[in-house]
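In: Let's see this in three dimensions:
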Amino acid sequence: MNPTALTDTTQDESIYSNYYLYENIPRPCTKEGIKAFGELFLPPLYLLVFLFGLLGNSMVVLVLLKYKRLKSMTDVYLLNLAISDLLFVFSLPFWAYYAADQWVFGLSLCKIISWMYLVGFHSGIFFIMLMSIDRYLAIVHAVFSLRARTLTYGVITSVATWSLAVLVSLPGFVFSTCYTERNHTYCRTQYSRHPTAWRVLSSLEINVLGLLVPLGIMLFCYSMIIRTLRHCKNEKRNKAVKMIFAVVALFLGFWTPYNIVLFLETLVELQVLQDCTFERHLDFAIQATETLAFVHCCLNPVIYFFLGEKFRKHILQLFKTCRGPFLLCQYCGLLQIYPADTPSSSYTQSTMDHDLHDAL
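Out: From the prediction side, this is the model:
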């Protein structure tokens with residue numbers, strides 16, 4: 001019924017008619033409890049990820065620069081992956097304060113921190129893909145890798161990867177802005193034109209570049225590696241296979257839930273799914289799965305660095321140079337297992353063993 005048709009009726013009839021006229025219009029979906037949930041749980045979780053990510057990745061950078069001296073493509077990728085994670089975790093204290101209160105750091109830092117977060121996110125995923133390709137070349141194409149896996153190519157591909165990450169993250173920098181609403185200051189992405197299309201495009205970008213493409217490359221590379229390792233009969237084969245499954249399982253476990261939730265949010269933006277209760281649960285799920293995905297940057301040093309035998313030896317050497325930390329860890333069995341490097345064992349390995357050892 002058109003409200004303008006009620007002008008000639010009595011006041012009571014008008015109120016009565018308007019009640020039935022507007023009661024079928026969907027009410028706004030209120031989400032007061034979501035912010036309260038974020039204020040309580042997100043700040044401590046963000047700070048924990050920041051502390052562990054900062055500690056682990058800083059140690060990776062220190063050991064690589066002090067002991068490894070960036071002699072191979074693998075070292076270059078490990079260094080860049082650690083830098084990506086550090087860039088990512090440096091943004092987390094700002095988001096922790098923002099979740100607890102409001103954005104108080106101004107427009108410039110809003111854009112810079114948003115850009116750091118996105119560049120760290122995308123570059124970390126890209127370098128995980130390059131690490132998979134590096135292992136694939138080292139083990140499946142061992143002879144060809146002698147020419148392809150050089151320090152020069154590692155630097156070139158790293159520069160190209162950073163350039164791509166910056167380019168992909170550029171919309172986040174451009175459209176991030178500060179605004180005040182109801183005495184609360186926000187730092188969010190706001191699109192001036194076609195906001196729904198931009199949000200859908202952003203979600204699809206994260207799903208494609210953040211999950212589908214890297215997962216496809218990882219599955220191909222590691223399946224070929226496992227097939228090649230079937231012909232490698234030594235004690236390192238089982239260790240390599242276990243590490244491969246750990247890499248894929250952790251990547252899927254920490255990133256897939258977040259990407260699924262983002263895909264569902266895209267369906268909400270397109271109004272394919274319209275239910276207030278579902279939207280509320282989806283907002284809670286975004287906060288939970290996003291934090292779970294953040295934890296993966298803390299695990300990268302463990303997955304790609306500390307599980308390698310050579311790197312554990314370098315960690316032992318690093319602790320020996322710092323008597324305080326070493327005294328705390330001298331009773332740790334993990335550090336006592338691995339003696340200092342000796343040249344006798346490394347020169348007796350076959351080509352496959354050497355490539356497998358470097359790839360791990």
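
In: Quick one: low-confidence residue ranges for the stretch 151-300 of the chain.
Out: For the stretch 151-300 of the chain, the stretches with pLDDT under 70 are 232-238, 240.

In: Show the pLDDT at the most centrally placed residue in the chain.
Out: Central residue check for the chain by Cα atoms, centre = their mean: the C-alpha nearest the mean position is that of Phe121, 4.8 Å away. pLDDT for Phe121: 90.

In: Check the gap between it and Ser91 for me.
Out: Using Cβ to Cβ, to the nearest Å, one gets 9 Å for the distance from Phe121 to Ser91. The C-beta positions use only the backbone N, C-alpha and C, and glycine is treated the same way.

In: what helix or strand does the residue nearest to Leu47 when sequence neighbours are not counted sit in?
Out: Spatial nearest neighbour of Leu47, excluding adjacent residues (Cβ to Cβ, 6 or more residues apart in numbering): Ala96 at 5.3 Å. Ala96 is located in helix 92-100, with elements delineated by DSSP states H and E.

In: what's next to that helix, contact-wise?
Out: Contacts to helix 92-100, defined as Cβ atoms under 8 Å, 6 or more residues apart in numbering, come from residues 38-39, 42-44, 46-47, 49-50, 53, 104-105, 109, 113, 117, 187, 294.

In: C-terminal to that helix, which secondary structure element comes first?
Out: Taking DSSP H and E, what comes next after helix 92-100 is helix 106-140.

In: From the chain's centroid, how far away is the next helix or strand after that next one?
Out: The C-terminal neighbour of helix 106-140 among helices and strands, as given by DSSP H and E, is helix 142-148. Distance, stretch centre to chain centre, for helix 142-148: 30 Å (Cα atoms, centre = their mean, to the nearest Å).

In: Remind me what helix 142-148 packs against, helices and strands.
Out: Judged by 3 or more Cβ pairs under 8 Å, 6 or more residues apart in numbering; DSSP states H and E, helix 142-148 is in contact with helix 106-140, helix 351-359.

In: So Arg188 lies in a helix, does it not?
Out: No - per DSSP: H, G, I helix; E, B strand; the rest coil, Arg188 lies outside any helix segment and is strand.

In: gap between stretch 206-218 and the chain center?
Out: On the basis of Cα atoms, centre = their mean, the separation between the geometric centre of stretch 206-218 and that of its chain is 12 Å.

In: which residues touch that stretch?
Out: 121-122, 125-126, 128-129, 132-133, 168, 247-248, 251-252, 255-256, 259, 262-263.

In: Can you select the buried ones among these for me in ChimeraX?
Out: With 16 or more other Cβ atoms under 10 Å as the criterion, this ChimeraX line picks the buried residues out of the contacts of stretch 206-218:
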select :121,122,125,126,128,129,132,133,168,247,248,251,255,259,262
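
In: who touches His141 in this structure?
Out: Applying Cβ under 8 Å, 6+ apart to His141 gives the contacts Ala148.

In: still on that earlier bit, direction-wise, compare the helix holding Ala96 with helix 106-140 and give the angle.
Out: Put simply, helix 92-100 runs at 130 degrees to helix 106-140, going by axes from the mean of the first three to the mean of the last three Cα atoms, to 10 degrees.

In: buried sites along helix 92-100?
Out: If you call a residue buried by 16+ other Cβ under 10 Å, then helix 92-100 has these buried ones: 92-99.

In: can I get those residues in a markdown table with pLDDT?
Out: Putting the buried residues of helix 92-100 into a markdown table (pLDDT from 0 to 100) gives the following:
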| residue | pLDDT |
| --- | --- |
| Leu92 | 94 |
| Pro93 | 95 |
| Phe94 | 95 |
| Trp95 | 93 |
| Ala96 | 93 |
| Tyr97 | 94 |
| Tyr98 | 93 |
| Ala99 | 90 |
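
In: Can you tell me which of the residues you listed lies closest to Glu205?
Out: Of all the buried residues of helix 92-100, Glu205 sits closest to Trp95, with 20.1 Å by Cβ to Cβ.

In: Can you mark which positions in the helix or strand harbouring Thr228 are buried?
Out: Using DSSP H and E, Thr228 sits in helix 213-229. Buried residues in helix 213-229, counting neighbours by 16+ other Cβ under 10 Å, are found at 214-215, 217-218, 221-222, 225, 228-229.

In: Please enumerate the strands of the stretch 151-300 of the chain.
Out: Under the criterion DSSP state E, counting those that start in this stretch, the stretch 151-300 of the chain contains strands at 176-181, 184-189.

In: For the last one, name the packing helices and strands.
Out: Applying 3+ Cβ pairs under 8 Å, 6+ apart, we find strand 184-189 packed against helix 106-140, strand 176-181.

In: most tightly surrounded among these?
Out: Highest mean neighbour count among these (mean count of other Cβ atoms under 10 Å): helix 106-140, with a mean of 21.

In: Quick one: work out the angle between it and helix 213-229.
Out: Going by the same axes, to 10 degrees, helix 106-140 makes 20 degrees with helix 213-229.

In: Helix 106-140 vs strand 176-181, what angle?
Out: Here helix 106-140 runs at an angle of 140 degrees relative to strand 176-181 (the same axes, to 10 degrees).

In: which one among the buried residues of helix 213-229 gets closest to Thr150?
Out: Cys221 (19.0 Å).

In: gap between Leu51 and Ser202?
Out: Leu51 is 29 Å from Ser202, by Cβ to Cβ.

In: Who has more neighbours out of the two?
Out: Ser202 (19 against 14; other Cβ atoms under 10 Å).

In: Apart from its neighbours in sequence, what residue is nearest that one?
Out: Pro171 (7.1 Å).

In: CSV for the buried residues of helix 213-229, including distance to Glu290?
Out: Listed next are the buried residues of helix 213-229 as CSV, based on distance: Cβ to Cβ, whole Å:
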residue, distance to Glu290
Pro214, 18
Leu215, 18
Ile217, 23
Met218, 21
Cys221, 27
Tyr222, 26
Ile225, 31
Thr228, 37
Leu229, 35
